[in-house]
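# sequence first, then the predicted structure, then my questions.
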There are 2 protein chains.
Amino acid sequence: MVQSVAPPGMIDLGPGYLDPALLPVRELAGAYARAFDEFGPAALAYGENRGPEPLREALAARSGTDAGHVLVTAGSSQGLHLLAVTLGRPGDVVLAEPLSYDFGLRILTDHGLRVRTVESDRDGPVPGALTEAARRFRGRGQRVAFAYLIPAHRNPTGVTVPEERRRTLVREAAEAGVPIVEDDAYAGLRYDGPPEPPSLHALAGRRGVARLGTFAKTLAPGLRLGWIEAEPSLVARCAGAGWADSGGGFNHLAALAVAGFLADGGYDRHLGRLVGELRARRDALTGALGVAAPHGGFFVWLPADDGAGAGAGAGRAVRERAAEAGVSVADGARFGAAGAGAVRAAFSFHPPHVLAEAGRRLAAARPAPARLDAGSTTR
Amino acid sequence: MVQSVAPPGMIDLGPGYLDPALLPVRELAGAYARAFDEFGPAALAYGENRGPEPLREALAARSGTDAGHVLVTAGSSQGLHLLAVTLGRPGDVVLAEPLSYDFGLRILTDHGLRVRTVESDRDGPVPGALTEAARRFRGRGQRVAFAYLIPAHRNPTGVTVPEERRRTLVREAAEAGVPIVEDDAYAGLRYDGPPEPPSLHALAGRRGVARLGTFAKTLAPGLRLGWIEAEPSLVARCAGAGWADSGGGFNHLAALAVAGFLADGGYDRHLGRLVGELRARRDALTGALGVAAPHGGFFVWLPADDGAGAGAGAGRAVRERAAEAGVSVADGARFGAAGAGAVRAAFSFHPPHVLAEAGRRLAAARPAPARLDAGSTTR
C-alpha cells in the first residue's frame, strides 16, 4: 500500500522517510474534521486555482510575503514538475549541482530537459559557475531554462549553502538571466548551529527564484501537499494551466485542513517536537559513526575520501559490507557521478537506539578508521 | 477560496459544478476519520506509486478487471496531463471530436500537442474517420499520439456514443495503431434510457484504451481524486515517472478515505441519491425549455439550428438575451468552432425550482419557437 519497505532483518537507512511514529495522525485527523466543520461544502468544491486563501495567506505570512506570491501544489514533486513544464521546453538545459536530489533530476529529464552540472564546492556552486555555464550553453545555441538548487540541508550531502554564497548565486543568476528553482524541502528542519539563512527567494527580493516548499518532510508525505513561492506573474502562469483551470486547486481539501493546523498552532507545536526528535536521532547515528553532525535535514553523507579510494567500486564495497552487517544505505552515485564511492544514510526513519546500532555496524563496515566529513565543520 | 462564483442576480448555468448541497460533507468527513483510524500512519506515508491497493482493487472490481489495470490520480485533469506527457511529444497530433471538453483540450495543447478534429456526427466520430485522419497526418510525417474521446454523456452535447459505434471506434483505432484516451468523467450519471454501453476500455479488451475516471462529478471535486484504467504496461509507465517515484501515489490519503467509502456502501447510497436529484433537475430544466432530455451527465446542449442561423454572432445573441433575462450559459464556441451559435446549459448546480425558472427565461430568450434537439431522441 505504501512505497518500499525495508527488507527483513535490515536496518534501512536508505530512503528519506519520516518514521511513521513521527507522523501526527491524531492531530491531522482533527485538522480534517475541523476543515469539514468549518468550510462544509466549500471544502469539497473546485478550489481556487492557486489554492485556498487561508493556506496561501498563512504560508505567505511565515515567509514575510503576501498570498499573491504563493501557489499551493499537490506536493513538491508535482510543484517541480509544474515548474519544469512551465519554465522549460524539451531540449533546454537545467543547471544543477554535481550532487543533487536524484528523483528531482528525474522529474526534469522526464520532461526532456538536459541536466548539466556546474562547478561546485562543499558550499554549493562556486562564484562565477552559473554565469560561466549559462554563457557556455548559450554559446552553443542552447536555452538555459533554470538552475535547480537545494540550498538548505541539501539532499544528499546535508550541507546548507551559507548566506554569503546565497547572495552571490542570486546576484549572478539575475545578471545572467537564469531563473532559479530553489528546492527547499528541508527548510525548517534545523537542529543547531547558526540560524538557517534566508531563502534564495527572499534574498532575490522574491523575483527570479521559485521556491518549492513541502509538508512531506515536516508533516506527512501522504497529504501530497506543498507550495511554490514565486513572483505573482509566475504563480499566475502556473495557475493558468489548462490542468488547473479544469480541476481547480491542485489539492484543495488537504490545503484547507493544513491551513487550520497552521492557524491553531498545532503545526508549530508538532514541528518543535519533530525537530527535537530528529536532533536526537541525528546525534545517535553520528555519535556511533564518529562523524561530524549536519545542522539539519534527514541525512548523513559519508564521502569516499576515507582511504578506500573513490570510484563506484568503493561505494559498492561499502554498501555491500554494510548490507552484510545488516544496514542498508543509499549509493552516493545515485545523486551524481561525483557521489561514486560515497553513501548517504538517513536518520529520519528509526528511533535513536536503532540508529546507534546501525551507526556501530556501519562504522565497522567502513574500510578505514577514517578522516570523516559528514558535511559540517562544527559539532 | 473556490473557483468562480455566479455573478449576483444571475442564474448561472455555465460551469459544470455540482450543487454544494449535493456534496456529501458529513459522509466524507466520516470516511476520512475512518481512514485515519484504520490505517494510522500508513494513511500519511508515501503511498504506493500506482495508488493504494484498497482503492485500486475496489475500482477494478467495479469495472470487472484487476488492480494491475488501475492507477490512482490526483483528479482527472492530472490524469489527462499525465497521459499527455506520457503518450505524447510536443508537436504530435491528437485526434478529437469537433465538440469536446475545452479545458481537456487545453491540457493537451499546453503540452504542445496539436488537436485536430475528425469527421463526426451526433453519435461521435463517423466510421472510417479515425483511420482516414491517422493516415492523413502520418502521410505528412506527423506522429499521432492518441485520440481523445468522451463517449458517455459527452461534455458539451450530452450525447452518449452507442455501443455499435463504440465497437467500430475501438476496432479502427486498434487497426490504425492509434491509442484512445477515453474521458469518462460522466460515467455512471445515467438517468434513464437503455443502460450505459460498456466503456471503450472494456470493449477494447482493456488494451489500447486508457480510460479516465473521476470522483469530481459523482462525489466531490475538492478531493482531487480520479483514476486511469489502462493496460498494466501503461499503468507502469505512468507510475514510473520521476514525479511518482519522488512523491509516491498522487493522492494517497484521499484515495484511502474514498476506498473506505466505496467498501462500506456509502458511495453507492450517495450515488443513488445523486442520480435521483440530477434526474429531477434535468427534467425541470428541459421541461421548462421544451427540449428533449439527455439520458445523463450535467448538460443540455442548445444547438444553433433553431432558426437563428449559425455562427458566433447567433450564439452571442442567445447568450446576451439570456443574460438580460438573468441566465448565464456557456458559449458553444468554447467547445470547438462547430459549437458557434450554440450554448451549453448545466443542470447540476441549481435545485429544480430554480432550473425551471431558468428554463422559462432561457426559452423566452431564444429566437424561434424552435426545432429543438438536446442531443437525445428518446427519454
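Done, it's in.
# quick one: the strands in the stretch 201-350 of chain A, in order.
A:209-214, A:226-229, A:299-302, A:327-328, A:330-331, A:343-346 (DSSP state E, counting those that start in this stretch).
# show me the contacts for the residue nearest to A:A210 when sequence neighbours are not counted.
Excluding its sequence neighbours, the residue lying closest to A:A210 (CB to CB, 6 or more residues apart in numbering or on different chains) is A:A230, at 4.0 Å. Every residue, glycine included, has its C-beta placed from N, CA and C. Residues counted as contacts of A:A230 (CB atoms under 8 Å, 6 or more residues apart in numbering or on different chains) are A:69, A:71, A:201, A:206, A:209-211, A:238.
# repeat that for A:A322.
Contacts of A:A322 by CB under 8 Å, 6+ apart are A:328-329, A:343, A:361-362, A:365.
# can you check A:R282 too?
Going by CB under 8 Å, 6+ apart, the list of residues near A:R282 reads A:191, A:293-294, A:300, A:347.
# nearest to chain B, of those residues?
A:F347 (17.4 Å; CB to the nearest CB).
# thought the closest one was touching A:L278?
Yes. Under the criterion of CB atoms under 8 Å, A:F347 makes contact with A:L278 at 7.2 Å.
# the two: who's more crowded?
It is A:F347, of A:F347 and A:L278, that has more neighbours when counted by other CB atoms under 10 Å in any protein chain shown, with 29 against 23.
# before we move on, the earlier item: can you put the contacts of A:A322 in CSV and add distance to B:Y186, pLDDT and neighbour count?
Output for the contacts of A:A322, formatted as CSV (distance: CB to CB, whole Å; pLDDT from 0 to 100; neighbours: other CB atoms under 10 Å in any protein chain shown):
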residue, distance to B:Y186, pLDDT, neighbour count
A:S328, 47, 95, 18
A:V329, 50, 95, 24
A:V343, 52, 94, 30
A:R361, 57, 93, 18
A:L362, 56, 93, 27
A:A365, 58, 84, 20
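# tell me the two of those residues that are most distant?
Taking CB to CB as the measure, these span a maximum distance of 12.9 Å, between A:V343 and A:R361.
# not counting sequence-adjacent ones, nearest residue to the residue in the stretch 201-350 of chain A that chain B sits nearest to?
Per CB to the nearest CB, A:G242 is where the stretch 201-350 of chain A lies closest to chain B, at 2.8 Å. Spatially, and ignoring its direct neighbours in sequence, A:G242 is nearest to B:R106 (2.8 Å; CB to CB, 6+ apart).
# now for A:F347 and A:L278: what residues contact both?
A:F298.
# residues of the stretch 251-379 of chain A that sit close to chain B?
Taking CB under 8 Å from any CB of the partner chain as the contact definition, the stretch 251-379 of chain A meets chain B at A:251-254.
# may I see those residues arranged in a markdown table, with neighbour count and pLDDT as well?
A markdown table is the format used below for those (neighbours: other CB atoms under 10 Å in any protein chain shown; pLDDT from 0 to 100):
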| residue | neighbour count | pLDDT |
| --- | --- | --- |
| A:N251 | 34 | 98 |
| A:H252 | 33 | 98 |
| A:L253 | 31 | 98 |
| A:A254 | 31 | 98 |
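# okay, and which of these map to helices?
With helices defined by DSSP state H, the entries of these inside them are A:252-254.
# ok, those residues vs B:A58, which is closest?
A:L253 (19.8 Å).
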